[in-house]
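Chemist: one predicted model, sequence on top.
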Amino acid sequence: MDRIRIYNGMPATELGTEGWHKPWSGGNGGECVEAMRLGDGRIALRQSTDPDGPALIYTHREMVSFIEGAKAGHADFLLAAAPGRRTERRTA
């Protein structure tokens, strides 16, 4: 990748099309988050249904903290259904 200024909210297309991964997938019709490890160790995230949209850029430490917190249940509130909507339950 050519030297570009990488910043939070930049168009994901400016990071290129190679190197994006879907860390997990499920029965969501392909709607998921894609991740890319950048050369400096940061991690870019984008919405798979909007690959031309913004890339959110996180440090490695920020991602470790988020993932560890999610595993510990600290992000469970994000799974609560919006008023009037049912929550899909996944089974292992």
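Modeler: Arrived safely, thanks for sending.
Chemist: where exactly do the helices run in the chain?
Modeler: Listed in chain order, the helices of the chain (DSSP state H) span 60-71.
Chemist: for it, which residues score under the pLDDT cut-off?
Modeler: 1-2, 25-30, 84-92 (pLDDT under 70).
Chemist: where do the strands sit along it?
Modeler: 33-37, 43-47, 56-58 (DSSP state E).
Chemist: closest to residue 21 out of those strands?
Modeler: Nearest to residue 21, of all the strands of the chain, is strand 33-37, at 5.6 Å by C-beta to C-beta. For every residue, glycine as well, the C-beta is placed using N, CA and C.
Chemist: who are the packing partners of the closest one?
Modeler: With contacts defined as 3 or more C-beta pairs under 8 Å, 6 or more residues apart in numbering; DSSP states H and E, the packing partners of strand 33-37 are strand 43-47.
Chemist: sorry, back to before: a markdown table please, covering the strands of the chain and showing mean neighbour count and distance to residue 7.
Modeler: Converted to a markdown table, the strands of the chain look like this (neighbours: other C-beta atoms under 10 Å; distance: least, C-beta to C-beta, whole Å):
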| stretch | mean neighbour count | distance to residue 7 |
| --- | --- | --- |
| strand 33-37 | 16 | 15 |
| strand 43-47 | 19 | 11 |
| strand 56-58 | 17 | 7 |
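Chemist: out of those strands, flag the one nearest residue 22.
Modeler: Nearest to residue 22, of all these, is strand 33-37, at 5.5 Å by C-beta to C-beta.
Chemist: next, the angle strand 43-47 makes with the closest one.
Modeler: Interaxial angle of strand 33-37 relative to strand 43-47 (axes from the mean of the first three to the mean of the last three C-alpha atoms, to 10 degrees): 160 degrees.
Chemist: can I get the CA coordinates of strand 33-37 in PDB?
Modeler: Taking Å, rounded to 0.1, in the frame of the first residue of the first chain, the C-alpha atoms of strand 33-37 are listed here in PDB:
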ATOM      1  CA  VAL A  33     -17.900  -6.300  10.300                       C
ATOM      2  CA  GLU A  34     -14.700  -6.700   8.300                       C
ATOM      3  CA  ALA A  35     -11.300  -6.100   9.800                       C
ATOM      4  CA  MET A  36      -7.800  -5.300   8.400                       C
ATOM      5  CA  ARG A  37      -4.500  -5.200  10.200                       C
END
